[in-house]
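[1] Next come a sequence and a model predicted from it.
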Amino acid sequence: MNLRVFNSLSGTKEEFVPLEGNRVRMYVCGVTVYDYCHVGHARAAVVFDTIFRYLKHKGFDPCFVRNFTDIDDKIIMRAQESGIPWQEVTRKFIDAFYEDMGQLNIAAPTVEPKATDHIPEMIAMIRTLVEKGIAYESGGDVFYSIQKFPDYGRLSGKKTDDLRAGARVDVNESKRDPLDFALWKKSKPGEPFWESPWGPGRPGWHIECSAMSSRYLGETFDIHGGGKDLIFPHHENEIAQSCGCSGKQPVRYWIHNGFVNIDQEKMSKSLGNFFTIRDIYKQFHPESLRLFLLSNHYRSPIDFSRQNLEEAEKVLTRFYEALGGAAETQDPTAPLSGLDPEVRAHPLWGKFAEAMDDDFNTAVVLAHLNEELRALNKSLADACSGVTARRQAAVSAGTLRRVGGVIGLFQQDPAEFKKQIFAIRSQTLDVDVEKIESLITSRNSARKARQWADADRFRDELIRMGVALEDTPNGTEWKLK
RNA sequence: GGCGCCGUCGCCAAGUGGUAAGGCAGAGGUCUGCAAAACCUUUAUCGGCGGUUCGAAUCCGCCCGGCGCCUCCA
C-alpha cells in the first residue's frame, strides 16, 4: 500500500513518492535555543519523530535533518539580560533540549546542524542572491527583494498586495518594499558578528534553513516539516531564497503540524500560557505526554489539559499492566519460543500500516492498539487455563510492543514503568510505604479471620491515602491512584 | 480588513458521498467475602437552516459559535 501525505503546498493528500528510489530527504525546523522547550515543541518533535520512524519501518532510507537555531535576537537578548555569553545560553538550552526530548523517546535525526556552523554557506547563498539581483545591500543589511520572486505567497496562500494592506510589517527605511526580509543583519556594537562582504553582521533567521537544507539534502529534497506557525513567513521566505539561488523548487512535500492549545487558545510564549516539558514531567510520565500527542491527528489542534493528560496516562498504564501480565504468564517450565513468525504475521500490522499510510493517522492507530489490548487481556484471563491462551497472550503482547515501537510507544520494561509512575506520584502524594504495607498486612489478617468489617476499614483508610488495592492470586498488590 | 481552519455521544477523538473507529466517564452483568483489575453488554445521525444527489457528518450556500495566520513563535 502506498503512503499518502497531506502537502501544504497543494492543500491535498498526495501519494508520496521520493525523488530518488528509497531515499527520503527530510528537513524539519528545530528550535531556537534561548529557553526550555514547551509542549508545542514537544508536539512538533513527536510528530516528525513518528514520521521519521514510520518511513524507516516502511522500508525507506530517510536522511533526516533537524537544525538548531543558535543565533538570533532572542538569544542575544537572553544573553544580555542574564550576563551570560550567548554561546553558553545556547549550549545550556541545547543540553536541556536533549534531556527533555530524550525522555519523550525522540530518536536522533541523521544530522543536527547548528546555524552558527554554517555561516559561510549562508554568506555564499546571500552573495549569489545579490549577484542575481534578487537581493540588495542597504547600509550593511542585506534584504531579499520580494518583487523578484513572482511565486511569493504560494505556500501560505497570501497575495503580496493583501500583505502590504495588512501592513503590520516593520517600517524600515532601508527596505525597498516593506515585505522584503533580512538575509543579513548588520551587527550593533556589542553584538556577536561574523565578517561578510557587507561588513560585520549575522544571518537573518530564514537563510539558515535554506543553507543547511541544501548543504545536506541538495537543491531539491522530499519533505520539509515544521509547525503551522512557520508557514508564513519562515517557510515562504525559505522557498524564495532557495528557489532564487537554484532556480528550482526546493521542497516537494511540505508537512505542517497543528498547534497545542490551552483553553482553545494557541500555546505560545507571547501569550504566556505555555507549559515547559520539564514542568509536565514533574507530574506525568513522559510517555503519557507522547501518547497524548499521538492521540490526535498531527494536523489538528490539540487541547492540552490536566484531564487529557491524566486520561492518556491511564490508557498508557493499562497497556503496561497488560504487557507486564503477559511477561508473567511466560511460565519457565513451558518456554514459549518461535513467536516471531506469529508476531510478524499478526493482523494488527495491516491495520497499523493502513492508518499510517493515510497521512500518518496515529489516532486510528491508537484505536487498533486498544482493540488488541482488549484481546490481550482476554488471553491473559484465560492464560492460567492453558498453553494456547498463554501463547496467544505472548503473541499479542509481542505484537503490541513491536507495533507500538514504530511510533515510539511501549518500549520500557513494564516493571520499570510501574516504578517510574510510582516515583512521580509519590512526589505529589507524600506516601509512607511502611504504613501502607502495615495496613495491608492488618487487612489481610482480618480477611483471613473473615472479619470483613475490619478488613474494609483498613482498606478505606488506604483509599483515603490514595492507595488502590488489588487482591490477586499472588497476593495483594497496591498502587497509587 | 485579507486569507484559512474548526464545531461528531457528558468529556477526549477518528471518519470527507453509501446510513457513525477508539478512549475516558456512566449504567447493567461475570468474577470477588465485598471491592479492585479484567472481560461482556449498553449510550450519538454528526452547530442551525436551505440546496445538490438514488444517497451527505462528509459537496455547495447562508447563518450561529470558536480559533489561527497576516509580527517572533513548533
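    Good, I have the coordinates.

[2] from here on, contacts and neighbour counts on C-alpha atoms
    Noted.

[3] Would stretch A:352-361 count as contacting RNA strand B?
    Yes. Using C-alpha under 7 Å from any atom of the strand, stretch A:352-361 reaches RNA strand B at A:Asn361.

[4] So which bits of that stretch are buried?
    The neighbour-count criterion (16 or more other C-alpha atoms under 10 Å) identifies A:352-361 as the buried residues of stretch A:352-361.

[5] Can you pick out the most distant pair from those residues?
    The largest distance within these, taken as C-alpha to C-alpha, falls between A:Phe352 and A:Asp359 and amounts to 12.1 Å.

[6] circling back: which of the buried residues of stretch A:352-361 sits closest to RNA strand B?
    Nearest to RNA strand B among the buried residues of stretch A:352-361: A:Asn361, at 6.0 Å, using C-alpha to the nearest atom of the strand.

[7] pLDDT score for that closest one?
    In this model, A:Asn361 is scored at 97, pLDDT.

[8] And the one 10 residues further on, by the same measure?
    Reading off the confidence values, A:Glu371 has pLDDT 97.

[9] That one and A:Phe60, how far apart?
    Applying C-alpha to C-alpha, to the nearest Å, the value for A:Glu371 to A:Phe60 is 28 Å.

[10] can you check A:Val315 too?
    Per C-alpha to C-alpha, A:Val315 is found 31 Å from A:Phe60.

[11] Let me know how buried A:Asn22 is, in neighbour terms.
    Using other C-alpha atoms under 10 Å, A:Asn22 is surrounded by 15 other residues.

[12] and it, backbone torsions?
    The phi/psi pair for A:Asn22 (degrees, to the nearest 10) reads phi -90, psi -10.

[13] Look at the closest residue to it other than its chain neighbours and say how many residues are nearby.
    Distances taken as C-alpha to C-alpha, 6 or more residues apart in numbering put A:Phe60 closest to A:Asn22, at 4.8 Å, once the chain neighbours are dropped. Per other C-alpha under 10 Å, the neighbour tally for A:Phe60 reads 16.

[14] doesn't A:Val24 make contact with A:Phe60?
    Yes. Under the criterion of C-alpha atoms under 8 Å, A:Phe60 makes contact with A:Val24 at 6.6 Å.

[15] State which helix of chain A is the longest.
    Secondary structure of chain A per DSSP state H: the longest helix is helix A:306-328.

[16] For whatever residue of the stretch 101-250 of chain A ends up closest to RNA strand B, what are phi and psi?
    The nearest approach of the stretch 101-250 of chain A to RNA strand B comes at A:Gly227, 2.7 Å away (C-alpha to the nearest atom of the strand). Backbone geometry at A:Gly227, expressed as degrees, to the nearest 10, gives phi -70, psi 160.

[17] On the pLDDT front, check it for me.
    In this prediction, A:Gly227 carries a pLDDT score of 96.

[18] now A:Ile280
    Here, the pLDDT recorded for A:Ile280 equals 96.

[19] For the helix or strand where it lies, which outside residues touch it?
    Secondary-structure assignment from DSSP states H and E places A:Ile280 in helix A:277-281. Residues outside helix A:277-281 that contact it (C-alpha atoms under 8 Å, 6 or more residues apart in numbering): A:36-39, A:42, A:100, A:286.

[20] near RNA strand B, which residues of the stretch 151-300 of chain A?
    Contacts of the stretch 151-300 of chain A with RNA strand B, taken as C-alpha under 7 Å from any atom of the strand, map to A:156-159, A:162-163, A:165-170, A:205, A:226-234, A:257-261, A:264-270, A:295-298, A:300.

[21] excluding its backbone neighbours, what's nearest A:Trp184?
    A:Pro203 is the one closest to A:Trp184 (C-alpha to C-alpha, 6+ apart), at 4.5 Å.

[22] pLDDT-wise, which helix or strand of chain A ranks last?
    None of the helices or strands of chain A scores lower by mean pLDDT, DSSP states H and E than helix A:160-166, at a mean of 80.

[23] Tell me how far the next helix or strand after that helix lies from the chain's centre.
    Moving toward the C-terminus from helix A:160-166, the next helix or strand (DSSP H and E) is strand A:181-186. Distance of strand A:181-186 from the chain centroid (C-alpha atoms, centre = their mean, to the nearest Å) equals 30 Å.

[24] Provide the strand pairings for strand A:181-186, with the direction of each partner.
    Strand pairing for strand A:181-186, determined by DSSP bridges: strand A:141-144 (antiparallel), strand A:201-203 (antiparallel).

[25] Next, the buried residues of whatever helix or strand A:Tyr136 lives in.
    For A:Tyr136, the element it lies in under DSSP H and E is strand A:135-138. Of the residues in strand A:135-138, those buried under the neighbour-count criterion (16+ other C-alpha under 10 Å) are A:135-137.

[26] so how far is it off the chain centroid?
    38 Å.

[27] repeat for stretch A:141-158
    Distance of stretch A:141-158 from the chain centroid (C-alpha atoms, centre = their mean) equals 30 Å.

[28] Now do that stretch: distance from first to last residue.
    Length of stretch A:141-158, first residue to last, C-alpha to C-alpha: 26 Å.
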